[in-house]
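Asks: how would this look folded up:
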Amino acid sequence: MRVGLGPMRDLLARLGDPQACLPVVHVGGTKGKGSVCALIEAGLMRAGLRVGRYASPHVESVTERVCLQGIPVGAARLAGALTRALDAHEAARRGGTAGADATWFDVLTAAGFTLFGEAGLDWAVVEVGLGGRLDSTNAVDGKVAVITNIGLEHTEILGHTRAAIAAEKVGILKPGAALVTTLPPDDEAGAVVAARAAALGCPVLRPATAPSASIAAENAALAGLVLDRLGAGGVRGRDGAPLHAGLLDAAARASASLPGRLERRVIRTARGPVPVVLDGAHVPFNLAAVLHDLGGDPTLAGPCTALVALAGDKDAAGFLAVLARHAAAIVGTEMPERRGHAAAALRALAAGEGVEAEAVALPEAGLARATELAARRGGWLLVTGSLHLVGALRGSTGLE
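Replies: This next block holds a predicted model:
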């Protein structure tokens, strides 16, 4: 983990600081930040504003990371911006300045901001990549900062407690901005976030959602509160009316759905159709929330069979302990060309939790085996643990 934003700022300066005049909503947190970004984007567009959204990671194509008016930029357009960002990187190398140490994510982020600067946007919605304080996206000054929630993730980089991780994530909050978060002030992480906001003189806004609220309801409440805050600060839509949470009507919420987030599909088998849910949850607390929401869905009848792959830095034991409380069978698999937990290791951890478990290293073969097990039980299939796994399987034959 690097120790500063110097490389990113050097790249942007060489590109004309395209982010400098860009009004930004900056969204961080452990889970839900991509969906919250998409909802804020949808609300701003519903108000008739021109909006860009920067997201990570992508599921199938890198162009998903840079959206203009809700549509991923074309490959040629992104390639042109990447070329300019790479030219800036090369110039920094020749000049011996900080940009010489830029990362791939720095270059991609600089390319995205360059496209935003050229597009004449009213607002940009920017999702943090990792952490916050030292993330490449933190070169922007957000008018509103969102911290969705805090869980234990990337602990080798961000810290081993929720408080330490919160200190990194709240680094996106800038003087003069407002903070929107679900974290209560008496929570371990919430106390850190509240203290930082107080030190900067920033107001803290929290949505009034019930503890049992669904993931979708909580995300919509956060996004709605952002829109309310912008409206209260004088931001108006094309019709002259202040922005407000009501912009997130049913159509706007539907347009904000993202691939791999509680995505519904089906696989047809000789025994009948098997309902499939694709969700990239990869930390225990988020998986628990996903399973809680799915548990009340009458269309998901019968037992759950799960196909799982996890990156090597994820808490596989904790993840599978949660999953084993809900799944009748678990198939461990692996992500091609990515360092992760071996399928056999996932099988062993699941078996240790007392659930039927198998290992199939190749994702396509794992999907076929998990589908067979789900069809035999008359149940449904959950593909989870990684957005990379979801991306590798979304185009699979038979997945409708």
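Asks: and residue 215, how many residues sit next to it?
Replies: Neighbourhood size, residue 215 [other C-beta atoms under 10 Å]: 20. For the C-beta atoms, the positions are set from N, CA and C on the backbone; glycine is no exception.
Asks: tell me which helix or strand of this structure sits lowest on mean pLDDT?
Replies: helix 155-158 (a mean of 64; mean pLDDT, DSSP states H and E).
Asks: who does the next helix or strand after it touch, helix- and strand-wise?
Replies: Downstream of helix 155-158, the next assigned helix or strand under DSSP states H and E is helix 162-169. Helix 162-169 sits against helix 155-158, helix 188-200, with contacts defined as 3 or more C-beta pairs under 8 Å, 6 or more residues apart in numbering; DSSP states H and E.
Asks: Confidence-wise, which of those is weakest overall?
Replies: Sorting the helices and strands packed on helix 162-169 by mean pLDDT places helix 155-158 lowest, at a mean of 64.
Asks: Can you pull out the residues in contact with the longest helix belonging to the chain?
Replies: Ranked by number of residues, the top helix in the chain under DSSP state H is helix 75-95. Contacts to helix 75-95, defined as C-beta atoms under 8 Å, 6 or more residues apart in numbering, come from residues 7, 10-11, 14-15, 61-63, 66, 98-100, 102, 106-108, 110-112, 114-115.
Asks: ok, back up a step: would you list the helices and strands packed on helix 162-169 in TSV and tack on mean neighbour count?
Replies: Output for those, formatted as TSV (neighbours: other C-beta atoms under 10 Å):
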stretch	mean neighbour count
helix 155-158	15
helix 188-200	18
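Asks: Any idea which of those helices gets closest to residue 127?
Replies: helix 155-158 (16.3 Å; C-beta to C-beta).
Asks: rewinding a little: and the contacts of helix 75-95, which are buried?
Replies: Buried by 16 or more other C-beta atoms under 10 Å: 7, 10-11, 14-15, 62-63, 66, 98-100, 102, 106-108, 110-112, 114-115, out of the contacts of helix 75-95.
Asks: Residue 105 should be in a strand, yeah?
Replies: No. Counting by DSSP: H, G, I helix; E, B strand; the rest coil, residue 105 falls outside a strand, being helix.
Asks: Confirm for me that it is in contact with residue 136.
Replies: Yes. Under the criterion of C-beta atoms under 8 Å, residue 105 makes contact with residue 136 at 5.1 Å.
Asks: Overlap of the contact sets of the two?
Replies: Residues touching both residue 105 and residue 136 (C-beta under 8 Å, 6+ apart) are residue 129.
Asks: more crowded one of those two?
Replies: residue 136 (29 against 17).
Asks: which residues touch that one?
Replies: 5, 8, 103, 105, 106, 109, 110, 129.
Asks: what separates the fourth one from residue 66, distance-wise?
Replies: Residue 105 is 13 Å from residue 66, where distance means C-beta to C-beta, to the nearest Å.
Asks: Okay, and residue 111 sits in which element?
Replies: helix 104-118.
Asks: by contact count, what packs against that helix?
Replies: In terms of contacts (3+ C-beta pairs under 8 Å, 6+ apart), helix 104-118 is packed against helix 6-14, strand 51-54, strand 66-68, helix 75-95.
Asks: Thanks a lot, catch you later.
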